[in-house]
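Student: Predicted model, plus sequence, below.
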Amino acid sequence: MARALIGWVLVRHSAAGTTSGRIVETEAYPVGDPASHAFRGETARNRVMFGQPFHAYVYRIYGRYWCFNVTSEPRGVGAGVLVRALEPLEGIDLMRKRRGVEPVRLLCSGPARLAQALDIDRSLDGRDLLADPEIELLPPRQATGPIGSSRRIGLTAAAHRLLRFYERGSPYVSGPRRLSR
DNA sequence: AAGAAGATTCGCT
DNA sequence: GCGAATCTTCTTA
């Protein structure tokens, strides 16, 4: 599913306006993965991961940022996909205002950056991404380019597995340019 | 009740 | 490349 989500469009409707972007980078956190928040069972934080698929799992990281995930398994099974980067589509000036930076390439190229650009926080945790009025996930509108995979970023546990997926050559992928090749 | 670690980003060297 | 920022969550005592 992490691979399949490349090219889908994440749309955020808020009072300030609409922002959206094409998903160009994801990471999978499957069942049995020691790096997954769901690995040690259900808790107050990760409870959404054990609910229905295609719902938003939003958590705080390092005390200052938010990360957005798409749940991926049926009720009772804890797993999800971290959305790591978007190619900005709508609301670019609003994203600039929220992020405090100008270059389009820096607006959504990282999990916490895209959450800030789309004003995603804990209030969206648990939302149905196929039916919610404020945040929605739409199928690809255009052809998706070739997809690459690599080890995941920033992890200590199970870092060797090829569970990161990205659109090859996209300038909107997180990290240094080599990560998009 | 206290402490350590964390799916990151940014600024400075 | 390195360290700080900053706080929630989970683990251990």
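Tutor: Now that the structure is in, tell me what you want to look at.

Student: Residue numbers of chain A in contact with DNA strand C?
Tutor: Where proximity means CB under 7 Å from any atom of the strand, the interface of chain A facing DNA strand C comprises A:37, A:40, A:43-46, A:59-60, A:62-64. For every residue, glycine as well, the C-beta is placed using N, CA and C.

Student: how about the strands in chain A?
Tutor: Remark: strands of chain A, listed N- to C-terminal, are A:9-14, A:17-29, A:56-61, A:65-71, A:80-88, A:135-138, A:147-150, A:164-167; assignment by DSSP state E.

Student: near DNA strand B, anything from the last one?
Tutor: I take that to be strand A:164-167. No. Shown here: strand A:164-167 not in contact with DNA strand B (CB under 7 Å from any atom of the strand), separated by at least 10.1 Å.

Student: what's the answer for stretch A:120-129, then?
Tutor: No. Counting by CB under 7 Å from any atom of the strand, DNA strand B has no neighbours in stretch A:120-129; the shortest distance is 12.0 Å.

Student: ok, A:Met1 - contacts?
Tutor: In this structure, A:Met1 makes contact with A:28, A:70, A:72, A:81, judged by CB atoms under 8 Å, 6 or more residues apart in numbering.

Student: ok, now with 7 Å
Tutor: Residues in contact with A:Met1, defined by CB atoms under 7 Å, 6 or more residues apart in numbering, are A:72, A:81.
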